[in-house]
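Participant: below: sequence and its predicted model.
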Amino acid sequence: MEIKVYSTTMEMAEAAAQQASEVLRSAIVRNGNANFIAATGASQFEFLKVLTADKSIDWSRTTMFHLDEYVGISEEHPASFRKYLKERLLRIVRPAEAYLLEGDAPNASAEARRISGIISGMTIDVAFVGVGENGHLAFNDPPADFETDEPYIIVDLDEACRLQQVGEGWFKTVDDVPSQAISMSVRQIMKSETIIAVVPHARKAEAVKNCFKDREISTQYPASILKKHPGAFVYLDQESGSLLDK
C-alpha cells in the first residue's frame, strides 16, 4: 500500500484521477474492456468530477459495479447512491454496463445475491473507495467481517456511520438514516487488481491515523486491511493526512 498526501483536495483529486485513468486505459488495451467499482459520498465529489472529464478513456468499453446502497432507499431519495452515481458518473460518461444495487428491492438479501452472482465471475481492474469517519471500507463498519467470501452482504450501520451521513447533509437526523445497507464485502474489494482510496477533509484525519499509522490490521479499523494489498493507493489532502508522520 502507498500513501500519497497533497496540499489541496483538488490536487489530490487530480492525482487520483490520473492514476485511475491510466489503470482503466491499460486494462482496455490489455483485455478489450475494464471493470471498475465506484464509491460515493462527499469524499468522491472532486475525484469523480476530474475523472469524468477525462476524454482519453473509452468508457464504452467499461463496466461499473456499485459499492454499496442503503436498504429501503428509493432511487428518488436525495441520499440514494444510485441517484448519486447516475448524476455524477453514469449520465456523463455512459459505461457499457452499470450494475446498480436496488436498495428498495422487496428482498435485500436476494438483491445482494443477484449482484454477487454477476460479479463473481469477473476480474475487477480497479476499485474506487473511500474511508469512513469510523474507518469503514464500503459500509463494512467495525467490527468488519474480513472472512466472508460472499461478494455482497447485508450489514448493520453503526451510530458513527449514521452520524457521518447526517454531518454530510444527506439526512436531517440520525433517525432518518437507514439501519442497514447492502455492501460489497471486504474480501471482494480486496480481490480488485488495483484499489484507489480517495480520502480528503479534516474529519477523516482520525480515521486515517487509526487505520494507517502504527496499528495492526484490525476489524475494528476496517480500512487497515488495505495495508495488505500490493496495489492499494491511499490519496489524502493535507487535512486528512495531518495526523500521520511526515
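Facilitator: Yes, it's here. Numbers count the residues shown, from 1 in each chain.
Participant: which residues are in contact with the lowest-mean-pLDDT helix or strand in the chain?
Facilitator: Using mean pLDDT, DSSP states H and E, helix 159-167 stands out as the lowest-scoring helix or strand of the chain, at a mean of 93. Residues from elsewhere that reach helix 159-167 (C-beta atoms under 8 Å, 6 or more residues apart in numbering): 79, 132-134, 136, 139, 141, 171-174, 176-177, 179, 203. (Glycine included, C-beta is placed from N, CA and C.)
Participant: how does it look with 10 Å?
Facilitator: Helix 159-167 has contacts (C-beta atoms under 10 Å, 6 or more residues apart in numbering) with 41-42, 70, 79, 132-136, 139-142, 155, 157-158, 170-179, 181, 203-204, 207.
Participant: now do the strands in the chain.
Facilitator: 2-6, 34-38, 62-66, 68-70, 97-99, 126-129, 152-156, 180-184, 194-199, 232-237 (DSSP state E).
Participant: may I see the buried residues of the least confident helix or strand of the chain?
Facilitator: Buried residues in helix 159-167, counted by 16 or more other C-beta atoms under 10 Å: 161-162, 164-165.
Participant: ok, stretch 81-99 next?
Facilitator: 81-85, 88-90, 93, 95, 98-99.
Participant: send the alpha carbons of it over as CSV?
Facilitator: C-alpha atoms of stretch 81-99 as CSV (Å, rounded to 0.1, in the frame of the first residue of the first chain):
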residue,chain,number,x,y,z
PHE,A,81,-26.3,6.2,-4.1
ARG,A,82,-27.9,5.1,-7.3
LYS,A,83,-29.1,8.7,-7.8
TYR,A,84,-25.6,9.9,-6.9
LEU,A,85,-23.9,7.6,-9.5
LYS,A,86,-26.3,8.4,-12.2
GLU,A,87,-25.9,12.2,-11.8
ARG,A,88,-22.1,12.3,-11.2
LEU,A,89,-20.9,9.4,-13.4
LEU,A,90,-23.2,7.3,-15.5
ARG,A,91,-25.1,10.1,-17.4
ILE,A,92,-21.8,11.8,-18.1
VAL,A,93,-19.5,9.0,-19.4
ARG,A,94,-22.0,6.2,-20.1
PRO,A,95,-20.2,2.9,-19.4
ALA,A,96,-21.3,-0.1,-21.4
GLU,A,97,-22.8,-1.7,-18.3
ALA,A,98,-23.6,-0.5,-14.9
TYR,A,99,-24.7,-2.9,-12.2
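Participant: now do the same contact list for the residue nearest to Thr62 when sequence neighbours are not counted.
Facilitator: Excluding its sequence neighbours, the residue lying closest to Thr62 (C-beta to C-beta, 6 or more residues apart in numbering) is Pro95, at 4.4 Å. Applying C-beta under 10 Å, 6+ apart to Pro95 gives the contacts 33-36, 38, 57, 59-64, 89.
Participant: try Met10
Facilitator: Applying C-beta under 10 Å, 6+ apart, the residues contacting Met10 are 46-47, 49-50, 200, 237.
Participant: how near is Phe139 to Pro222?
Facilitator: Taking C-beta to C-beta, to the nearest Å as the criterion, Phe139 is separated from Pro222 by 10 Å.
Participant: what mean pLDDT does the longest helix anywhere in the chain get?
Facilitator: Assignment by DSSP state H gives helix 9-31 as the longest helix of the chain. Mean pLDDT, helix 9-31: 98.
Participant: now do the contacts for the residue nearest the centre of the chain.
Facilitator: Nearest residue to the geometric centre of the chain (C-alpha atoms, centre = their mean): Val129, 2.7 Å. Contact analysis of Val129 by C-beta under 10 Å, 6+ apart lists 37-39, 41, 43-44, 67-68, 137-138, 184, 189, 192, 195-199, 223, 226, 232, 234.
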